[in-house]
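Trainee: Sharing a model that was predicted from the sequence below.
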Amino acid sequence: MRDYKELNAVYISLGKCHQALGEFSEADKMYEKALDGLIELNEKGQILSDEINKLSTIIEWYKSSQRPSGHDISEAFETALKGLEWLDRVLNQISDTSKSDLVEKNIYLYRVSADFALQFKQPEQAYIFLERSKSRVLVEQMLRERAEPGSNVDINLRIQYQKLREQLRLLINQLDTSTPTGIAGDGTTRFFTPTTRSIERRPQQTEQLLQKQQIVEQELKKVRDAIIEQDAAFGEAIQPRALTINEVKSLIPTDTLVIAFEQRPEFLYLYAITTQGISTPLQINVSLQQVNERIAVFQTEITGERIKNRKTELTNLNQCLDKYLKQAFTQLTTQFQPKQIILIPHIGWHLLPIHLVSINDEPLAMRYTVRYLPSLQILRLISERPPANQGKGCIIANPWSEALEKLIGKEHELISGEQEGHKVYKLRTQIDQLLVREQATSTAVRQALDKTQHSHFSCHGHFDADLTKAGLTLADCKDLVAMEMFTSIRLDNPRLVVMSACETAQIKPTLADEYMGLSSSFLFAGAHNVLATLWQVDDNATRLLIEDFYQGLNDGLSPVKALQQAQHQLRNMSVEAILARSPEQTITRTYKDSYYWAGFVLIGDGE
């Protein structure tokens with residue numbers, strides 16, 4: 001069998017050399033030979049990551065005006081689509097820890113495909129590519145974090161799934177020992193490492209191995225399909241299904257405008273999505289570097305000790321958001337006249353209170369009901385669940401013990417959180433299990449979550465880039481961490497999870513870790529909505545907001561409308577009204593400043 005991999009590398013190198021020397025006809029021939037070789041490798045099932053990476057060079061050549069026959073966008077588009085198809089195939093073969101690297105290194109294929117679609121005046125198709133890249137990134141995050149089928153999945157299916165994956169791993173390694181350690185391997189090393197020469201084998205032996213691989217892949221697909229029937233969330237992780245344009249339209253309520261962000265290195269795209277379709281995106285001149293620098297300042301200041309500095313920083317941030325987004329948001333809301341807005345941030349934008357953008361001198365969240373989503377793919381996952389259960393829940397209030405006091409200090413005891421928990425218990429008509437102080441251990445909370453249709457946490461929360469550490473602190477000094485939601489815990493289809501704690505809406509703001517955080521983990525585990533926080537919140541202001549939020553739910557409001565009403569009420573509450581509801585407090589100020597009410601965000605379907 002010809003060593004197409006080495007030949008392709010040579011053809012690409014020669015093409016670059018001819019191009020640099022101005023010998024464009026010869027360069028074109030080399031690139032064509034390289035593409036033909038890649039196609040032949042794909043037909044033999046031998047495409048691996050390095051081969052996919054070569055496509056970017058060929059695509060750029062097809063786009064180049066130096067090409068003798070002229071640049072051909074349609075041919076470049078077709079080549080990019082080939083690359084996405086091959087990428088999906090390779091991602092189903094390599095080890096879980098390698099997938100995130102491979103997706104990030106080939107995000108170019110999604111972006112260039114979207115650019116081609118926009119050039120052909122196909123904004124709907126361009127957005128589908130964005131969603132496709134987001135869903136693939138999210139899926140690979142799930143697998144990298146060792147997501148496994150939930151305990152509700154039949155044990156025999158789980159065992160079969162693990163065995164077949166191991167068989168496929170061994171076959172892939174046998175077929176190509178030049179594969180870097182980590183591809184279809186133990187996942188202990190990073191993706192690109194020095195390689196060794198392939199084992200010499202007869203063509204007949206290679207064909208036999210390929211046939212075995214095909215049989216194992218077919219068996220694995222059957223097992224996956226069976227698992228999906230029992231665990232839809234995990235099914236979305238192991239076998240993602242791309243959204244269609246019709247599905248996108250059907251997911252959006254008639255009175256709703258979706259504003260979806262796509263942050264490129266040089267600029268920001270804003271896609272407007274309604275039931276009528278997807279408009280050509282607005283381009284905003286703000287670079288990824290500018291966004292990241294602003295986030296760094298915000299996170300430093302909002303976690304500082306002085307409340308005055310936090311308020312000042314939010315004012316400064318609001319001005320920055322208005323600078324970049326106010327004009328575009330005003331244009332979109334004027335054009336579509338929505339009653340509700342869904343924000344789908346991208347990368348670091350998840351960390352910012354976008355709902356504070358000013359529209360006619362009022363924050364967006366005061367003029368419209370606003371909720372957030374990681375992606376429309378997640379909304380589809382939620383919409384395919386049965387209607388949310390609204391029965392018995394659990395309330396975790398001020399987890400505390402002598403051991404925890406020694407660990408974090410007496411000053412961190414959440415007395416107001418305990419009061420909040422008792423108030424929520426009453427507002428919920430005392431149907432929930434109430435776990436207070438020493439009762440709120442990790443074992444008790446996990447047992448309660450297993451059978452609850454509503455969850456409320458009044459406790460300390462913390463974000464960490466390591467998802468085994470990002471979580472909610474419980475009485476026995478153990479945390480309920482995001483990793484568990486992604487990998488093992490499945491909730492009983494609850495309508496709502498409320499995290500009245502600090503930093504629970506935080507995520508890892510890198511391309512390959514966009515959605516990995518505590519709030520998204522609850523959505524993945526089964527919740528329809530998560531109420532979370534972007535920064536450390538004021539205790540008394542939070543208690544008042546949460547009480548009004550639950551009162552709104554009792555009055556029949558949806559979670560997103562109940563949040564808007566509660567924020568509006570807190571923002572406009574007089575000192576006298578605050579004192580009447582907080583007689584134990586010494587209050588001399590109102591809670592009008594956005595620091596007190598804007599930290600809460602609703603993530604999910606809003607219903």
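Mentor: That came through, no problem.

Trainee: Quick check: Gln565 vs Glu547, distance?
Mentor: Distance of Gln565 to Glu547, given as Cβ to Cβ, to the nearest Å: 12 Å. Where C-beta positions appear, they are placed from N, C-alpha and C, glycine not excepted.

Trainee: quick one: which of the two has more around it?
Mentor: Each of Gln565 and Glu547 has its neighbours counted (other Cβ atoms under 10 Å); Glu547 has more, 20 against 17.

Trainee: so where does that one fall, helix or strand?
Mentor: helix 539-554 (DSSP states H and E).

Trainee: mind checking how far that helix is from the chain centre?
Mentor: 28 Å (Cα atoms, centre = their mean, to the nearest Å).

Trainee: Also stretch 485-502?
Mentor: A distance of 15 Å separates the C-alpha centroid of stretch 485-502 from that of its chain, computed with Cα atoms, centre = their mean.

Trainee: Please apply the same query to stretch 321-339.
Mentor: With Cα atoms, centre = their mean, you get 24 Å for stretch 321-339.

Trainee: That one: which residues count as buried?
Mentor: Leu321, Asp322, Tyr324, Leu325, Lys326, Ala328, Phe329, Thr330, Leu332, Thr333, Phe336, Pro338 (16 or more other Cβ atoms under 10 Å).

Trainee: Kindly report the same for stretch 570-584.
Mentor: Neighbour-count burial for stretch 570-584, with 16+ other Cβ under 10 Å as criterion, is recorded at Leu570, Arg571, Met573, Ile578, Ser582.

Trainee: Going by distance to Pro123, which of those residues wins?
Mentor: Arg571 (36.5 Å; Cβ to Cβ).

Trainee: Quick one, grab the pLDDT at the closest residue to Asp432 other than its chain neighbours.
Mentor: Excluding its sequence neighbours, the residue lying closest to Asp432 (Cβ to Cβ, 6 or more residues apart in numbering) is Gly393, at 4.3 Å. pLDDT recorded at Gly393 is 87.

Trainee: any weak-confidence spans in the stretch 1-150 of the chain?
Mentor: Counting by pLDDT under 70, the stretch 1-150 of the chain shows low-confidence ranges at 1-5, 47-50, 71, 91-104, 135-148, 150.

Trainee: would you list every one of the helices in it?
Mentor: 4-20, 24-43, 49-63, 73-91, 96-105, 107-119, 123-144 (DSSP state H, counting those that start in this stretch).

Trainee: Give me the buried stretch members for the second one, please.
Mentor: When you say that, I think you mean helix 24-43. 24, 26-31, 33-35, 37-38, 41-42.

Trainee: re earlier: nearest to Ile12 among the buried residues of stretch 570-584?
Mentor: Ile12 lies nearest to Arg571 out of these, by Cβ to Cβ, at 59.4 Å.

Trainee: With respect to Glu438, which of the buried residues of stretch 321-339 is nearest?
Mentor: Using Cβ to Cβ, these come closest to Glu438 at Leu321, 42.9 Å.

Trainee: check contacts around the nearest residue in space to that closest one that is not next to it in sequence.
Mentor: Of all residues beyond its chain neighbours, the one nearest Leu321 is Val357 (5.0 Å), with distances taken as Cβ to Cβ, 6+ apart. Applying Cβ atoms under 8 Å, 6 or more residues apart in numbering, we find Val357 in contact with Leu321, Asp322, Leu325, Lys326, Phe329, Pro363, Leu364.

Trainee: now, the most widely separated pair of the buried residues of stretch 570-584?
Mentor: Farthest apart among the buried residues of stretch 570-584 by Cβ to Cβ are Arg571 and Ser582. That separation is 16.2 Å.

Trainee: ok, back up a step: got a list of contacts for the helix holding Glu547?
Mentor: With contacts defined as Cβ under 8 Å, 6+ apart, helix 539-554 is touched by 414, 416-417, 419-420, 423-424, 427-428, 458, 498, 500, 531, 559, 561-563, 565-567, 569-570, 573, 578, 581-582, 585, 587, 591, 596-597, 600.

Trainee: related to what we said a few turns ago, tabulate the buried residues of helix 24-43 (JSON lines), appending distance to Leu518.
Mentor: Below are these laid out as JSON lines (distance: Cβ to Cβ, whole Å):
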{"residue": "Phe24", "distance to Leu518": "54"}
{"residue": "Glu26", "distance to Leu518": "56"}
{"residue": "Ala27", "distance to Leu518": "51"}
{"residue": "Asp28", "distance to Leu518": "52"}
{"residue": "Lys29", "distance to Leu518": "54"}
{"residue": "Met30", "distance to Leu518": "50"}
{"residue": "Tyr31", "distance to Leu518": "47"}
{"residue": "Lys33", "distance to Leu518": "51"}
{"residue": "Ala34", "distance to Leu518": "45"}
{"residue": "Leu35", "distance to Leu518": "45"}
{"residue": "Gly37", "distance to Leu518": "46"}
{"residue": "Leu38", "distance to Leu518": "42"}
{"residue": "Leu41", "distance to Leu518": "42"}
{"residue": "Asn42", "distance to Leu518": "40"}
